[in-house]
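Colleague: Fold the following, please.
(chains A and B)
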Amino acid sequence: MDKREEILRISGVDVRKCMRCGKCSGTCPNYDEMEYHPHQFVYMVETGNIEPLMNSKSIYKCLSCFACADRCPRGVEPAKVVEAVRLAVIRQKGQNHLKASQVPDVLDEDIPQQAFVSAFRKYSK
Amino acid sequence: MVYSYFPGCTLKNKAKDLDTYARKSAEALGFTLEELENWQCCGGVYPMAKDEIATKLSSVRALADAKAQGRDLVTLCSACHNVIKQVNNDMATDEDIALRANNYLKLDEEYRGETKVLHYLEVLRDVVGFDTIKEKVVNPLTGKKIAPYYGCLLLRPKKVMQMDNPENPKIMEDFIRAIGAEPVIYPLRNECCGGYVRIEDKDTASKRSAAVVGSAADFGAELMVTACPLCMYNLKNETVPVKYFTELLAEALGVKE
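Modeller: Residues are numbered from 1 along each chain as shown, chains lettered A, B, ... in the order given. The predicted structure follows:
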């Protein structure tokens, strides 16, 4: 299966619904931290230009806050596209982005369990 | 009224206050939270991928257990609420996910999203009623300017969560009024605190938290309230103190020890 097909299947998103208004990127709270922005994820997946997305740190910067998805006038849900691209990467052998050995570095007295379970769900398989 | 209750991993550990004050307040308000016997961690984030089943099963087990008890399922942590309610929606509307989850779990009775999932705040609003809470308040927090922080998890996706208007919510504002305080309505109350990205990139999360707290401070907040342990962790090192909303409820009801 080619990468485009894989992303579409994982995300369940119909990228062709996008009308390129840019509202998703306009409302993204983490826009400044991303090399590729939500509207670019949608367009690049539509056109099959997946490799640059898979190689970009942008896939780890999405907060999954769903601002882009809820505010999209066409119901495209870019957050699901970002998630699918990240999964296409981390589901590969040896591609876990977060490893247990990194935990001690971020551990402190107050950090909630929720932070770790969430981060491992997002960044590791 | 007795509800099945899903506390979640963090409420048993770093966020005990969120849980303890909720239970005490519930008793004072005439309802009981009965913890599910064998609940498992929800995973903290809703697995968006269409082909993920295993990561949704802990939610399905909790939902099916509540159904077997014939009760609504109450959640308190924003993340647990978001995950369980979204998985419940999958079980009701996504044939592929529902089929595969049921095939795996082999429950006595197939689960198809029958359980009603309520956040604690929804019980306060829709079952107890904010007017009743107002009557039961013995220590009103009069004059206190409190900024509600919704973050992303309670409100979105709006089609599934259906708690309130995600762009102009008022359930927490009404709660704050009910305990005698004054809600501070500020622009970033429904924007993300940085969430789990804190683990990956502390600076990015700090920027998001600082923006949220700065927005609340600009509008005169003396205190912020949240229902989410991760929001609490991200926000608490900024310029405005943060508490769990249940602590203020217990305080107002006179059951905080």
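
Colleague: Can you give me the buried ones in stretch B:226-239?
Modeller: Residues B:226-236, B:238 are the ones in stretch B:226-239 that count as buried (16 or more other CB atoms under 10 Å in any protein chain shown). Backbone N, C-alpha and C define where each C-beta goes, glycine included.

Colleague: Dump these to JSON lines, plus distance to chain A, secondary structure and pLDDT.
Modeller: Formatted as JSON lines, the buried residues of stretch B:226-239 follow (distance: CB to the nearest CB, whole Å; DSSP: H, G, I helix; E, B strand; the rest coil; pLDDT from 0 to 100):
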{"residue": "B:226", "distance to chain A": "12", "secondary structure": "strand", "pLDDT": "98"}
{"residue": "B:227", "distance to chain A": "12", "secondary structure": "coil", "pLDDT": "98"}
{"residue": "B:228", "distance to chain A": "8", "secondary structure": "coil", "pLDDT": "98"}
{"residue": "B:229", "distance to chain A": "4", "secondary structure": "helix", "pLDDT": "98"}
{"residue": "B:230", "distance to chain A": "5", "secondary structure": "helix", "pLDDT": "98"}
{"residue": "B:231", "distance to chain A": "10", "secondary structure": "helix", "pLDDT": "98"}
{"residue": "B:232", "distance to chain A": "7", "secondary structure": "helix", "pLDDT": "98"}
{"residue": "B:233", "distance to chain A": "5", "secondary structure": "helix", "pLDDT": "98"}
{"residue": "B:234", "distance to chain A": "9", "secondary structure": "helix", "pLDDT": "98"}
{"residue": "B:235", "distance to chain A": "12", "secondary structure": "helix", "pLDDT": "97"}
{"residue": "B:236", "distance to chain A": "8", "secondary structure": "coil", "pLDDT": "94"}
{"residue": "B:238", "distance to chain A": "14", "secondary structure": "coil", "pLDDT": "91"}
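
Colleague: so which pair among those residues is furthest apart in space?
Modeller: Spatial extent of the buried residues of stretch B:226-239 (CB to CB) is set by the pair B:227 and B:238 at 17.9 Å.

Colleague: Quickly name whichever of the buried residues of stretch B:226-239 is closest to residue A:125.
Modeller: residue B:230 (21.3 Å).

Colleague: I'd guessed the closest one sits against residue A:115; true?
Modeller: Yes - using CB atoms under 8 Å, residue B:230 is in contact with residue A:115, at 5.5 Å.

Colleague: any residues in contact with both of those two?
Modeller: B:196, B:198 (CB atoms under 8 Å, 6 or more residues apart in numbering or on different chains).

Colleague: how many neighbours does the residue of the stretch 1-150 of chain B found nearest chain A have?
Modeller: The stretch 1-150 of chain B approaches chain A most closely through residue B:44 (3.4 Å), counting by CB to the nearest CB. Residue B:44 has 29 neighbours, counted by other CB atoms under 10 Å in any protein chain shown.

Colleague: Can you pull the phi/psi pair for it?
Modeller: phi 80, psi -30 (degrees, to the nearest 10).

Colleague: what's the answer for residue B:104, then?
Modeller: With angles defined as degrees, to the nearest 10, residue B:104 sits at phi -70, psi -50.

Colleague: Run a quick neighbour tally on residue B:4.
Modeller: Per other CB under 10 Å, the neighbour tally for residue B:4 reads 25.

Colleague: Local confidence estimate at the closest residue to residue B:13 other than its chain neighbours?
Modeller: Excluding the flanking residues, the one nearest residue B:13 by CB to CB, 6 or more residues apart in numbering or on different chains is residue A:113, at 5.7 Å. Model confidence at residue A:113, given as pLDDT, is 97.
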